[in-house]
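Engineer: Sharing a model that was predicted from the sequence below.
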Amino acid sequence: MSIITLSYLHWTFTCDLQGGRITKLSYKGVPILGSFKRIDGKQGSTHLCVPNFAAEGMDTYGLPFHGPARNLNWTPEKQTERQLEISVVLPQTKTYKAELKITQRFKLGKTGFTHLVQVRHMKGVPVPVNIAVHNYWATPLGWDNIRINHQLVSEQVKKNGFIKLSSRNLIEIKGKKIKWEIKGFAEAVLWSAFQGESYDSHYVCIEPVQNLERSVFRKGKHNFKQFQVKKYSQSIIPFFTPTDSTP
């Protein structure tokens, strides 16, 4: 079985070890993150982009789009009623000459969910890394009036745009409000799959990334050397009014 499920208090969480993906996160029966059939025919679910975000690094280092980790089989390391830790090793290649160990830890709390990411440089030469999380947020009532930190961002979603983030953020989606706390990330890319002028409306991608405009890949810099460890996290704390809990 590649699917692992955790249930704790009001939370339900599922992880697919194939790709290390979050395929479901719900609170009090309300979907927060999920797995979605996209308008382009692909299946989308929350995954890590490591060691590169999007297309950067593909030409110079031969890395796949969004990095290889989302296509590999992850190994469960620890599991309790409300916590799961999984890991995968990215072997060095002829062009990307570093071996990286990636660990994800998922924690369910009384009111919040925490996703911890650790990247360790096991061996090899200094390399660039730019970590992101490709979050698929559930929007069963649509995202046409979505706000982040009180800023209306619907048009940025349509343009595959981005916004700056702070350590504490507020996401307002129809039917729910979510406190979103991050560490190690500076910006968020906004997106939804589309065909022509039609966009998927049942989810929206809000993807925290270490750096977008000043990516080390684009600047040709190596920011990760042997035995170094980088840590990132996101915490999701939903809060609903009585009418919010029924989309």
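Structural biologist: Perfect, I can see it now.
Engineer: Please count neighbours and contacts with C-alpha atoms only from this point.
Structural biologist: Will do.
Engineer: Okay, buried residues for stretch 125-145 please.
Structural biologist: Going by neighbour count (16 or more other C-alpha atoms under 10 Å), the buried part of stretch 125-145 is 126-140, 142-144.
Engineer: Would you work out how far apart the start and end of it are?
Structural biologist: Distance between the two ends of stretch 125-145: 46 Å, counting by C-alpha to C-alpha, to the nearest Å.
Engineer: And stretch 41-48, by the same measure?
Structural biologist: With C-alpha to C-alpha, one end of stretch 41-48 sits 21 Å from the other.
Engineer: So what's the model's average confidence on that stretch?
Structural biologist: In this model, stretch 41-48 carries a mean pLDDT of 97.
Engineer: low-confidence ranges in the chain?
Structural biologist: 1, 240-247 (pLDDT under 70).
Engineer: Which residue lies closest in space to V153, excluding its sequence neighbours?
Structural biologist: Spatial nearest neighbour of V153, excluding adjacent residues (C-alpha to C-alpha, 6 or more residues apart in numbering): R147 at 5.6 Å.
Engineer: so who does the residue most central in space within the chain touch?
Structural biologist: Geometric centre of the chain, nearest residue: V133, 2.3 Å, by C-alpha atoms, centre = their mean. Applying C-alpha atoms under 8 Å, 6 or more residues apart in numbering, we find V133 in contact with 46-49, 207-209.
Engineer: can I get those in TSV with neighbour count and distance to W74?
Structural biologist: Formatted as TSV, these follow (neighbours: other C-alpha atoms under 10 Å; distance: C-alpha to C-alpha, whole Å):
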residue	neighbour count	distance to W74
T46	25	14
H47	23	12
L48	26	12
C49	22	14
E207	23	21
P208	27	22
V209	25	21
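Engineer: could these be laid out in TSV, adding distance to T80?
Structural biologist: TSV is the format used below for the contacts of V133 (distance: C-alpha to C-alpha, whole Å):
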residue	distance to T80
T46	21
H47	21
L48	22
C49	26
E207	27
P208	27
V209	29
